[in-house]
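Trainee: Only the shape, not the letters, is given here:
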């Protein structure tokens, strides 16, 4: 079973794009995927054009039925969306002892019907993110080609180490995912070198990089998955390679071959 | 010389050489500390609160916790009486007689009624009985202990009973019985499951909750503060109410607590488990259902630091002692923090030494008593054996001896 938190404590590093594109690839591989958006800005729901009746807040705080809160994105993919009330959920969690284990318990109940759970978190240090990390115990860290996102990635890794020490639970980083690669810029090569150094220091694999692609914002505008918008665009190819590598690292076999491979 | 030579050459913009980004540079940044500050308890900021309180005048528009609208400085709002919607004014859909209601998971939500009470009369309902008037309590007791009730679960009983029988049982008039019964339903002590069946003379069926369940249901519905009028009414918490201990998971507004639907948290179990941890976890689970091993391990380690030879019984005893105290106090925000501070102190000093001496004496006395009992028993057994072997013994004596020795 894949449980992943896609996080970087810096904004604008393609967390949401990474979440739904990888989720889509996993779903195309025959896995049943659940995406959970814990960002109060509700970016995931927005880019997918989701119209759920209820949100994460209702599920977590008011204990509403999971089936009522989840939105079906495709045959193999469900989404639990967020809205601004997620901040209220955080306030509720703050009032609990061992609240950081709440997601372990809540999502532990519903994860059986899924093969993969991907959580998109907000770019900040908050309790919901901690809860998500405690639940998933595996981090995927997208890193854009600038120093601030490198620092965000380092912050995520340090947080996971602290939580590991604090709760005696093994929290690992599944991989560092370089995003928004544009090799024309000198800073890109510098950042990639720093990323490799970080990978060596912490023993975290670097996944195949994702190139900058104009199709990504267009797909978001069209409320479509990247592969639905243009299955052969640069970013889609790169994400496919990254997802495959990720599945290898997590020892997950695809159930059936992706549509593109079948058609080819 | 051509004009081309006279024109100054346009210099290209000098390229800025970027230095490589080093990990140390990133890790030494100011944003790389205090990641888990969210897990620490909230800090009190009285000086800031005082500043904010000064701003929250009528002219400030009142953006405080009370919501929009003017607020008066120095005046705390009076608590409001909480009442569930009156069944007479809010008609329910008709049901088939005898058919069980869908009581559903969500607990009844209370609709606040605007009626203020003097703040000095408001107090927290610690016991379920605190929320009952004498009549309601009498009726509740009658229903709970009635011969008509049948056990449903450990915390609930079912009773099918008509008004007359209920009135007779509770020793009150039918009119008062109806009133008290409705109050108990409103106060979440009872739940009506099905209506009466007049044709077959079958009364209504109620679910009667135990005191523990009542308290949990009331907490979930926010019914914790009471005022005594002619009866007892639940009110909204007063403005200066002390904060509720944050460690009660019972606040989760769901009938099934999160703690109950959780698989065990995955943990590294490489190290051999300390039996002291098991003993303390067993003790603490009575008080804190969601206690986690790592906290308990810290607690046990802190105790063992003071007394490395502390036994499991001693650990469990002192932790229970402090947990009891904590519950009686009711104001502890961080239960494990409290226990980690208070319990290890029991394992040091003269008091602990004397406790051990007393315990040792008690154990010795118990062992002596046991030895005396065993000796007496052995002697009596020998006597009975001698009786059996004695040909001069009577048949009655032999029968008693055989019975005692278990010989057929």
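Mentor: Right, received. Where do you want to start? Because the structure is predicted, anything quoted here is derived from the model rather than measured.
Trainee: Can you show me the helices along chain B?
Mentor: B:3-6, B:23-27, B:46-55, B:134-144, B:163-170, B:174-186, B:211-220, B:275-284, B:293-306, B:312-329, B:335-345, B:349-389, B:395-405 (DSSP state H).
Trainee: now for the last one, which elements pack on it?
Mentor: Using 3 or more C-beta pairs under 8 Å, 6 or more residues apart in numbering or on different chains; DSSP states H and E as the contact definition, the elements that helix B:395-405 packs against are helix B:349-389. No exception for glycine: its C-beta is placed from N, CA and C like everyone else's.
Trainee: Identify the residues contacting residue 177.
Mentor: This is for chain A. Residues counted as contacts of residue A:177 (C-beta atoms under 8 Å, 6 or more residues apart in numbering or on different chains) are A:18, A:140-143, A:206-207, A:209-210, A:242.
Trainee: The chain in question should be chain B.
Mentor: B:139, B:163, B:166-167, B:170.
Trainee: hmm, try it at 10 Å
Mentor: B:135, B:138-139, B:142, B:163-171 (C-beta atoms under 10 Å, 6 or more residues apart in numbering or on different chains).
Trainee: go on, residue B:231?
Mentor: Here residue B:231 is in contact with B:131-136, B:179-180, B:183 (C-beta under 10 Å, 6+ apart).
Trainee: And residue A:111, by the same measure?
Mentor: A:1, A:3, A:34, A:117, A:135, B:263.
Trainee: Among those residues, the buried ones, what's the ChimeraX command?
Mentor: Selection of buried members from these for ChimeraX, criterion 16 or more other C-beta atoms under 10 Å in any protein chain shown:
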select /A:3,34,117,135
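Trainee: quick one: low-confidence ranges for chain A?
Mentor: Low-confidence segments of chain A (pLDDT under 70): A:256-264.
Trainee: residue ranges for the strands of chain A, please.
Mentor: Secondary structure of chain A (DSSP state E): strands at A:2-6, A:33-37, A:70-74, A:77-80, A:116-120, A:138-143, A:172-178.
Trainee: can the contacts of residue A:177 go into a markdown table with extra columns for distance to residue A:224?
Mentor: Compiled in a markdown table, these are given as follows (distance: C-beta to C-beta, whole Å):
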| residue | distance to residue A:224 |
| --- | --- |
| A:18 | 16 |
| A:140 | 22 |
| A:141 | 25 |
| A:142 | 20 |
| A:143 | 25 |
| A:206 | 28 |
| A:207 | 23 |
| A:209 | 23 |
| A:210 | 18 |
| A:242 | 19 |
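Trainee: Looking at these, which is nearest chain B?
Mentor: The closest of those to chain B turns out to be residue A:143 (C-beta to the nearest C-beta; 11.2 Å).
Trainee: is it true that the closest one touches residue A:155?
Mentor: No: look at residue A:143 against residue A:155 with C-beta atoms under 10 Å: they stay out of range, at 11.5 Å.
Trainee: Find residues that contact each of the two.
Mentor: Applying C-beta under 10 Å, 6+ apart, one finds that residue A:143 and residue A:155 are jointly contacted by A:8, A:10.
Trainee: These two: which is more packed in?
Mentor: Taking other C-beta atoms under 10 Å in any protein chain shown, residue A:143 and residue A:155 do not tie; residue A:143 has more neighbours (28 against 23).
Trainee: which ones are touching the more buried one?
Mentor: By C-beta under 10 Å, 6+ apart, the contact list for residue A:143 reads A:8, A:10, A:13-14, A:149-154, A:156, A:176-180, A:191-192, A:194-195, A:198, A:206, A:209.
Trainee: separation between it and residue A:100?
Mentor: Going from residue A:143 to residue A:100 by C-beta to C-beta, to the nearest Å gives 25 Å.
Trainee: Equivalent analysis for residue B:327, please.
Mentor: The gap separating residue B:327 from residue A:100 is 24 Å, by C-beta to C-beta.
Trainee: can you redo the contacts of residue B:231 as TSV with pLDDT?
Mentor: Shown next, in TSV, are the contacts of residue B:231 (pLDDT from 0 to 100):
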residue	pLDDT
B:131	88
B:132	88
B:133	88
B:134	86
B:135	88
B:136	90
B:179	89
B:180	91
B:183	90
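Trainee: any idea which of those residues is the one closest to chain A?
Mentor: Closest to chain A, out of all of the contacts of residue B:231 and judged by C-beta to the nearest C-beta, is residue B:131, at 22.9 Å.
Trainee: Hmm, residue B:221 and the closest one touching each other?
Mentor: No: in this structure, residue B:131 is not within contact of residue B:221 by C-beta under 10 Å, at 11.4 Å.
Trainee: which one of those two has more residues nearby?
Mentor: Shown here are residue B:131 and residue B:221; by other C-beta under 10 Å, residue B:131 has more neighbours (26 against 19).
Trainee: Just give the nearest non-adjacent residue to the more buried one, would you?
Mentor: Leaving aside its chain neighbours, residue B:131 sits nearest to residue B:125 (4.7 Å; criterion: C-beta to C-beta, 6 or more residues apart in numbering or on different chains).
Trainee: Enumerate every residue touching that neighbour.
Mentor: By C-beta under 10 Å, 6+ apart, the neighbours of residue B:125 are B:131-132, B:187, B:214-215, B:218-219, B:223-226, B:232, B:234.
Trainee: what's the answer for residue B:276, then?
Mentor: So residue B:276 contacts B:296-297, B:299-301, B:303-304, B:310-316, B:319 (C-beta under 10 Å, 6+ apart).
Trainee: quick one, strands of the stretch 101-250 of chain B?
Mentor: Using DSSP state E, counting those that start in this stretch, the strands assigned to the stretch 101-250 of chain B run over residues B:111-116, B:122-124, B:150-151, B:156-161, B:190-194, B:204-209, B:225-228, B:232-235.
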